Structure formats: C-alpha cells, structure tokens
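Q: The following block contains a protein sequence and its predicted model.
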Amino acid sequence: EFDHTAAMQRWLAEMARYVKSLDPNHLVSSSFSLYERALVREHIIESIQMPELDYADVHMYPAAYHQRFLFAGEQALEQVVDDLVRLAHYAADKPLLIGEVGFSRWEMWKGQEREYGYQRLLASAFKEGVSGVLAWSYSDPKWEDAFEINWREEEHAALCSLLAIEGRRFALDKEPLGTR
C-alpha cells in the first residue's frame, strides 16, 4: 500500500502558501476524516502540526458504517472529541473545528433519534473547548440525503431548534442545556 501522506502534506503546504500570498489574513486548513488506524492518526497529527495550517478541522459521522466502530462504547463520542481536542490543542497548539458532523435521519444511534447524538456531541464539544461545530447538512429544498436537516420540514423542527439553541450557546460561551 502506497503512503500518500508526504505528497498530500507538500500539496497542502504549497496551496496554503499560495492562498496566503493572495490574502495574508485568510485562515487555511484541511479537513480530515476520523482515523481508523494508528497510522492514519499519526498522519493527521503530522498534518495539523504543519505551520501553514491555521486550525484543525475534522469530519465525523458517528453512525456511518466507516466510523461506527469508533463510537461503539457508551462514552466513545466524548472520548473521541476529547482526543481530537488534545491533538489540536496540545500536539499542534491550534483550535479545533468539527467542520462536518452528521447523524442519519433514517437510522437510530444508540437506540435514540439523531437529536440525542447532536446534543451529546455539542455538549462534549463545548465542554472540551472545540471552537465550532457545523452540522451536515442544512438544505432547502428537500434534498433527500440521509444527513439532511431541512428547516422547512416539520420532521426536522426539533433538531433545528436544538442546533439554534446550541449555536447561540457556543456564540455566547454559556453552559450546555441539561448541565445546570
């Protein structure tokens, strides 16, 4: 198996320098999907430590087939968020953004509706010092995607409300719901 990490890092550095040459104040990063092997985790660490990247960005889909094993334990979601924050803050001295997160509207996660997954993730992200979380994916009109969040559809109202409340909490730096 060929390791593309060195080539990817060279390309990232070159593109980041190019973007900064056009706009020195532009923040630059690259997103990484969650790791499934220790080697991939090491490559993520090496990449987020690159001086050309301004922040760490990860994508996570806890119920998706390719990441489901990472989130098997009861506290696995919180443990993964904690690990990602430690990698970003302590291994790279950079902020962490969860640039995509999704829970399928067609599958239960840990026997619960997807609002449960989002609430747990957002509470953990806030507690651990994640700089921001972007839900995948707000849509209009109806997109018919497993991760769709359509603010015009009644079936999505509770989740939209939760995300609005949690977004305000992140913006105002307040304690998460249910922890007071």
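A: Thanks, I have it.

Q: Mind listing residues that contact stretch 117-129?
A: Stretch 117-129 is contacted from outside by 60, 62-63, 77-78, 81-82, 85, 89, 96, 98, 101, 103, 109-110, 133, 135, 159, 162-163, 166, 169-170, 175-179, using CB atoms under 8 Å, 6 or more residues apart in numbering. C-beta: built from backbone N, CA, C; applies to glycine.

Q: Could you do stretch 13-23 as well?
A: Contact with stretch 13-23 is made by 26, 28, 50, 52-53, as judged by CB under 8 Å, 6+ apart.

Q: same thing with stretch 85-92?
A: By CB under 8 Å, 6+ apart, the surrounding residues in contact with stretch 85-92 are 41, 44-45, 48-49, 55-56, 94-96, 128-130.

Q: Out of those residues, which is nearest to T5?
A: I44 (9.5 Å; CB to CB).

Q: so the closest one makes contact with S31?
A: No: using CB atoms under 8 Å, I44 is not in contact with S31, being 10.4 Å away.

Q: Identify the contacts common to those two.
A: Residues touching both I44 and S31 by CB under 8 Å, 6+ apart: V58.

Q: what about the two, which has more around it?
A: Neighbour totals were compared for I44 and S31, and I44 leads with 23 against 12 (other CB atoms under 10 Å).

Q: Over to the more buried one: give its phi and psi.
A: Main-chain torsions, I44, degrees, to the nearest 10: phi -60, psi -40.

Q: mind checking how far it is from A63?
A: Distance of I44 to A63, computed by CB to CB, to the nearest Å: 21 Å.

Q: Could you do S139 as well?
A: Distance from S139 to A63, by CB to CB: 19 Å.

Q: in the lowest-mean-pLDDT helix or strand in the chain, what's buried?
A: Here the helix or strand of the chain ranked lowest by mean pLDDT, DSSP states H and E is helix 38-48, holding a mean of 80. For helix 38-48, the neighbour count (16 or more other CB atoms under 10 Å) marks 43-45, 47-48 as buried.

Q: my guess is H156 contacts D145, does it?
A: No: contact criterion CB under 8 Å: H156 and D145 do not qualify, at 12.0 Å.

Q: So which of the two has more stuff around it?
A: H156 (19 against 15).
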